[in-house]
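Student: model the following, please.
(chains A and B)
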Amino acid sequence: MAMPRNGRLPVVWFQAAGCTGCSMSLMNAQYPDIANLLLDEIVPGKALALVFHVTLMGPTGRPALEVLERIREDEAGPYVLVVEGAIPTARGGGFGHVGGVPMTDRVRALGRNARAVVALGTCASYGGVPGSGGNPTGCVGVKSFLEGEGIGVPVVNVPGCPPHPAWFVETVAHLLLFGLPRPGDLDEVGRLRSVYQGLIHENCPRRGDFDVGRFARAFGEPGCLYELGCKGPYTDARCPAHRWNGGVNWCIGAGHPCLGCCEPEFPDRLAPVYRKFDSQTARDTYRRARCAPWWLTPSPASRVTSGSSSASKTE
Amino acid sequence: MIREAYSSGGLYRGLEEILVGRHPLDAQKITSRICGVCPLAHSLAAAYCLEDALGLSAQVPPNGRLLRNLIYGANFLHNHILHFYHLALPDYLDPSLLSGRLAALGGLLSAGVPPGEGRFSASETESLVSHYLEALEVRRKAHELEALFGGRTPHDMAIVPGGVTYRPSLSEVEAYRFRLKEIRGFMESRYVPDLFLFLARHRDHFALGRGGNLLSFGCFPLRDGALGVSDRLFPAGVFRAGRVEPLDVAKITESIASSWYEGEACAAPLRGRAEPAPGREGRYSWVKSPRYGGEPFEVGPAARVRIGLELGDAAFRDMAWEFLREAGAGPDDLASVAGRHLARGIEAAYLAHQLEGWLDALDLRGPIAVPVAIPNEADGCGLTCAPRGALGHWMRIRDGRIRNYQVISPTTWNASPRDGAGVPGPIERALIGTRVRGDGRVEAGRIVRSFDPCLACAIH
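Tutor: A predicted model of the protein is given here:
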């Protein structure tokens, strides 16, 4: 990817309809940690320059908005847009404003001039929790929003509720080292295969329990959590290898069934949380349907109508 | 002078609507997503709420209470460290004093203190910014502390209605103990001294952004079987007209007089019906206006410490008075810009000393949860405090599903717009009448930030 001469790739971090959990999670990064990400070269000769982040930056109010509005004319040139949170499209964008301007307008303007977009978290990737239930605010993922607006900027999804910091770091390092994703780099739901591929179930330390039919029936019991509603057999993510928060523990490690939070079907199609989940049927239904993904089909609340160009591969 | 102030929140996600029709147990993992900074507070409030609805509150085993306190305590420490160093301090720093590697942070830190007008010397600024970076690491370690028993964070997993899902091993208990020591070391050697340096340089901020009524639901239950809000480390209560009174939950209502909704103007949480009405004429916020006995109340650290000074245990009162004396402030100064920062320091320091006692009280072989069965019909209420203030969840179950779910978050109280009687909310009130220089953005920013506002929480 073309870099500015100073070797620092500008990053504009926009928070849409989300909870700031993705930012909080990124702040848990280790080797490189958040200070490294803000200050140091991440790959040889290449660093990031975070020019806007509403939580982390000092300026607030009008001065902060001025930074955001200057970005488009900025001569520093191409930047990566990181979006955290879904895009609330219903009622002309009336459910989400930043500085009096609808988030839809902000993301359209920022997306149009971006070199690439990183959709961080399940909300930004597929709509997530705010896009669930009756989706009262017409929340959609960034890729489907931008495509609906006719903006063809490459989008890489980094889902997870929240995403593990290592997945963001890997995605950014991929962009800095290898440039924009090539065909085959992304899976059928727009994630880097190198970052996400591999079912949790296949790498789960409780897999041995599953294989011999030793199931936990109540919280705190040893055994596989399948009967308690675990979505590990459905979810592609490297949680068993990365574990969470410096590797101290992770969801299944703490005796809680996987929520499947990295999948486009989270949360509605994986609900209820604690009912035994028929992964095989779900895989046959939803994953096969990913060549015509349901989360890109028009809903009454949304004015987004486009299909997905990258969603061509199925399992 | 700031003559008028209007506090507005610009994002509505409709999480309460999204919950309708779901399995009641799922509320806990969905409401966690209200906030990525204090998800734990929501997952706790939702667990309390469901346990209340199911009549289970008295049956959660001691380990459940202790492990929840330990997980949530770590989140609480994380929040206060993050707020002081990363959210509030940049408002006071002059980045033109930075050099070397730290100068690269300048652009991110420039909060509008004009060059040469910060109150910290160059060496103090360098030291505070290097502690800012250290605090990034300590904040991460506090999250690790939380994840040890909580599974991961943000959006912790282990707290569930009925108890917790995880029984830690002895080595993990020790890992908690020694991580905690590290964090406490940072608090003693950095956070508390930096806080007092900040207070010494900003004594006039005890007069800035003053508050009035204070309210706390309390948090960190100290006994088992206690339903509701009694017997908590930070006690529940109401401070009004110079007196602390017991909390009466029935006095809570929510007004939508200035908010973008249609429906009943003012009602108790499970009674009201409010449909979103974006851009509704004459309204100015997505935040509703919770009121207690019809009046606005500030929630958060100032409220907890003020009420704790009357109702808290002796050790808490001693520590709070010691901090107040050292800062040269009195109990009435807590509800101010400087006072809120001081109150955070007091409760963080006190909490950090309590966690180890809870750790030692764990029975690693004892039960951690009781099974739950969902009734066809039930109502529940779960109250706790998020780090930024009183948090309540209310739930109505009908036909075994969620019929209505209402959340009143701390920032809903603090950032509330004018109610039906035209009375401004606490942040608005703290701003109005403030003498400022220039366009007032520096003072206004500091006042608003001292409440540790969270808009994701406030509207949800």
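Student: could you look up the SS state of residue B:46?
Tutor: Under the three-state scheme (DSSP: H, G, I helix; E, B strand; the rest coil), residue B:46 adopts helix.
Student: got a list of what the nearest residue to it once chain neighbours are set aside touches?
Tutor: Excluding the flanking residues, the one nearest residue B:46 by CB to CB, 6 or more residues apart in numbering or on different chains is residue B:28, at 4.1 Å. Glycine gets a C-beta too; all of them are placed from N, C-alpha and C. For residue B:28, the contact set (CB atoms under 8 Å, 6 or more residues apart in numbering or on different chains) comprises B:43, B:46-47, B:50, B:159-161.
Student: ok, 6 Å please
Tutor: Residues near residue B:28 by CB atoms under 6 Å, 6 or more residues apart in numbering or on different chains: B:43, B:46-47.
Student: same question, residue B:135
Tutor: Residues in contact with residue B:135 (CB under 6 Å, 6+ apart) are B:81, B:85.
Student: any idea which element it lies in?
Tutor: Using DSSP states H and E, the element containing residue B:135 is helix B:122-150.
Student: helix or strand right after that helix?
Tutor: strand B:159-160.
Student: name the helix or strand for whichever residue of chain B sits closest to chain A, please.
Tutor: In chain B, the residue that lies nearest chain A is residue B:36 (2.3 Å; CB to the nearest CB). Under the criterion DSSP H and E, no helix or strand holds residue B:36.
Student: tally of neighbours for it?
Tutor: 27 (other CB atoms under 10 Å in any protein chain shown).
Student: list the residues that contact the closest residue to it other than its chain neighbours.
Tutor: Spatial nearest neighbour of residue B:36, chain neighbours left out: residue A:21 (2.3 Å); criterion: CB to CB, 6+ apart. Residue A:21 makes contact with A:162, B:36, B:154, according to CB under 6 Å, 6+ apart.
Student: for chain A, just list every one of the helices.
Tutor: A:21-26, A:34-39, A:61-70, A:90-93, A:103-112, A:121-126, A:142-148, A:165-178, A:193-196, A:207-211, A:239-242, A:279-282 (DSSP state H).
Student: quick one: mean pLDDT over the fourth one.
Tutor: Meaning helix A:90-93. The average of the pLDDT scores along helix A:90-93 is 94.
Student: could you do the second one as well?
Tutor: For helix A:34-39, the mean per-residue pLDDT is 88.
Student: how about the CA coordinates for that helix, as PDB?
Tutor: Only the C-alpha atoms of helix A:34-39 are listed here, as PDB (Å, rounded to 0.1, in the frame of the first residue of the first chain):
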ATOM      1  CA  ILE A  34      -1.000   0.200  22.500                       C
ATOM      2  CA  ALA A  35       1.900   2.600  23.100                       C
ATOM      3  CA  ASN A  36       3.900   0.700  20.400                       C
ATOM      4  CA  LEU A  37       1.000   1.000  18.000                       C
ATOM      5  CA  LEU A  38       0.700   4.700  18.600                       C
ATOM      6  CA  LEU A  39       4.400   5.600  18.500                       C
END
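Student: near chain B, anything from it?
Tutor: Yes: using CB under 6 Å from any CB of the partner chain, helix A:34-39 comes into contact with chain B via A:34-35, A:39.
Student: save the residues you listed as CSV, and put in distance to residue A:131 and neighbour count too.
Tutor: Compiled in CSV, the residues of helix A:34-39 next to chain B are given as follows (distance: CB to CB, whole Å; neighbours: other CB atoms under 10 Å in any protein chain shown):
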residue, distance to residue A:131, neighbour count
A:34, 28, 21
A:35, 33, 17
A:39, 35, 19
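Student: what sits against residue A:196?
Tutor: Applying CB under 6 Å, 6+ apart to residue A:196 gives the contacts A:236-237.
Student: now it: how far from residue A:92?
Tutor: Using CB to CB, to the nearest Å, one gets 34 Å for the distance from residue A:196 to residue A:92.
Student: over to residue B:350?
Tutor: The value you get for residue B:350 to residue A:92, if CB to CB is used, is 49 Å.
Student: and for residue A:280, the neighbour number?
Tutor: Residue A:280 has 10 neighbours, counted by other CB under 10 Å.
Student: same question for residue B:201.
Tutor: Neighbours around residue B:201, by other CB under 10 Å: 16.
Student: one more: residue B:234?
Tutor: By other CB under 10 Å, 25 other residues sit near residue B:234.
Student: I'd say it and residue B:221 touch.
Tutor: No: look at residue B:234 against residue B:221 with CB atoms under 6 Å: they stay out of range, at 10.5 Å.
Student: nearest residue to residue A:245 in space, please, no chain neighbours.
Tutor: Leaving out its chain neighbours, the residue that sits closest to residue A:245 by CB to CB, 6+ apart is residue B:147, at 3.5 Å.
Student: follow-up on the earlier one: wasn't the residue nearest to residue B:46 part of a helix?
Tutor: Yes: judged by three-state DSSP, residue B:28 forms part of a helix.
Student: spell out which residues of the stretch 51-200 of chain A are next to chain B.
Tutor: So the stretch 51-200 of chain A meets chain B at A:57-61, A:63, A:91, A:94-97, A:129-130, A:132-133, A:136-137, A:162 (CB under 6 Å from any CB).
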